[in-house]
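**Q** Structure for this input, please:
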Amino acid sequence: MNNLETTKMQTPIEIALGVDEDGMTTARKLYAFLELAQGQFSRWAKSNIVDNEFATENEDYWGFDINVEGNKTQDYKLTAHFAKKLSMKGNGAKAEEARDYFTTLEERVKQKVIDLNQLSPELQMFQKIFNSVAEQQLEQKRQAEQLNHVEQRVESIREVVALDTTSWRDDTGNILRKISMELGGGQAYSQVRAESYELLSKRMGVNLKQRLTNKRRRMADEGICKSARDKLSYVDIIAEDKKLIEGYTAIVKEMAIRYGVGKE
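**A** Numbering: from 1, shown residues only. Model prediction:
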């Protein structure tokens, strides 16, 4: 990464994209700037960054953890060149504005490289030595972070596998909330909840919607107020059947492992 000369005043687009002194933005900043679909960041990042066969980790992007509402989630530092590529997939004025900006930024990076080539042979040699040492340190850091990530993943799986049905209601709720944060938060929580109920219905051959309707009708016949009936949820229906509790807990465990989240 080549350091760019920074000015005290940043342009509005640089502020919006959070461009740092290396001319890099983050995936989440770019995603928000392009005004892409809310709650779909993780899927977009996986498809366009992590699984992108034309992108190389630690060259085009660098993954790092951030804290969102008390939950650890993933973000990525992007080079100007890679950010421009991602912007090309967007439509509209924002995407065009981002493309123009990163094209200009790329030229600044190239100019910086050209300026470095004007150094004396001795200084160029020192620069190569410095770059070599820096690359080694970055690689060591990457390996350490990767090992730490694997260890955390293993620990998360252990926590999830150890779950039982004693506190299933709180535990499954916490796991689904963590999954939703991995998917960008917001509306993702209701989508994750819906996925868990759909999986339960298919696996256990149960119609949760019909059971919920029947339960509310019985409550109405018993004279229970409408507000209490409206508060009834699929989780309340699951709680009435031991087999559904066991099945639902197992399904949420599988979802936790699939999305790589732990209990806490």
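
**Q** quick one: pLDDT of the residue lying closest to Leu119 once chain neighbours are set aside?
**A** Counting by C-beta to C-beta, 6 or more residues apart in numbering, Leu119 lies nearest to Gln127, which is 6.8 Å off, once chain neighbours are set aside. C-betas here are computed from N, CA, C, even on glycine. If you check Gln127, the pLDDT there is 76.

**Q** show me what contacts the spatially most central residue of the chain?
**A** Centroid check for the chain by C-alpha atoms, centre = their mean gives Ser42 as the closest residue, at 3.8 Å. Residues near Ser42 by C-beta atoms under 8 Å, 6 or more residues apart in numbering: Thr73, Gln74, Glu182, Leu183, Gly184.

**Q** what does Ala220 give?
**A** Lys226, Arg229.

**Q** can you tell me which helix or strand it belongs to?
**A** With secondary structure defined by DSSP states H and E, Ala220 is part of helix 208-221.

**Q** just checking, next helix/strand downstream of that helix?
**A** helix 226-231.

**Q** Next, the buried residues of that next one.
**A** Neighbour counts using 16 or more other C-beta atoms under 10 Å place Arg229 of helix 226-231 among the buried residues.

**Q** Same question for stretch 88-99.
**A** Using 16+ other C-beta under 10 Å as the burial criterion, the residues of stretch 88-99 that qualify are Gly90, Lys94, Ala95, Glu97, Ala98, Arg99.

**Q** I'd like to check what contacts it. Which residues are they?
**A** Ile13, Leu17, Leu30, Phe33, Leu34, Glu35, Leu36, Asn48, Ala83, Lys84, Ser87.

**Q** Would you mind writing the CA trace of that stretch as CSV?
**A** Only the C-alpha atoms of stretch 88-99 are listed here, as CSV (Å, rounded to 0.1, in the frame of the first residue of the first chain):
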residue,chain,number,x,y,z
MET,A,88,-18.5,-0.6,-11.8
LYS,A,89,-21.1,-3.2,-10.8
GLY,A,90,-23.4,-0.5,-9.5
ASN,A,91,-25.9,1.7,-11.4
GLY,A,92,-26.9,5.3,-11.0
ALA,A,93,-25.3,8.6,-10.0
LYS,A,94,-23.6,7.3,-6.9
ALA,A,95,-21.9,4.5,-8.7
GLU,A,96,-20.7,6.8,-11.4
GLU,A,97,-19.4,9.3,-8.8
ALA,A,98,-17.5,6.6,-7.0
ARG,A,99,-16.0,5.3,-10.3
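
**Q** about what we covered before: quick check, nearest of the contacts of Ser42 to Lys253?
**A** Checking these against Lys253 by C-beta to C-beta gives Glu182 as the nearest, at 15.7 Å.

**Q** quick one: average confidence on the strand or helix carrying Arg99?
**A** Using DSSP H and E, Arg99 maps to helix 92-116. For helix 92-116, mean pLDDT rounds to 77.

**Q** Check stretch 60-75 too.
**A** Stretch 60-75 shows a mean pLDDT of 86.

**Q** Other residues contacting that stretch?
**A** So stretch 60-75 is contacted by 26-28, 42, 45, 49-50, 55, 57, 76-79, 81-82, 177-178, 181-182, 185 (C-beta under 8 Å, 6+ apart).

**Q** Just the ones of those in helices?
**A** In this view, those that belong to helices under DSSP state H are Ala27, Arg28, Ser42, Ala45, His81, Phe82, Arg177, Lys178, Met181, Glu182.

**Q** Sort those residues by pLDDT and name the bottom one.
**A** Lowest pLDDT within those is found at Glu182 (79).

**Q** So if we follow the domain assignment, how does this structure break up?
**A** Using automatic domain parsing, the domain ranges for the chain come out as 12-118, 163-259.

**Q** Give me the distance from the shortest one to the chain's centre.
**A** Meaning domain 163-259. Centre-to-centre, domain 163-259 and its host chain are 24 Å apart (C-alpha atoms, centre = their mean, to the nearest Å).

**Q** Kindly check the end-to-end length of that domain for me.
**A** From its first residue to its last, domain 163-259 covers 16 Å (C-alpha to C-alpha, to the nearest Å).
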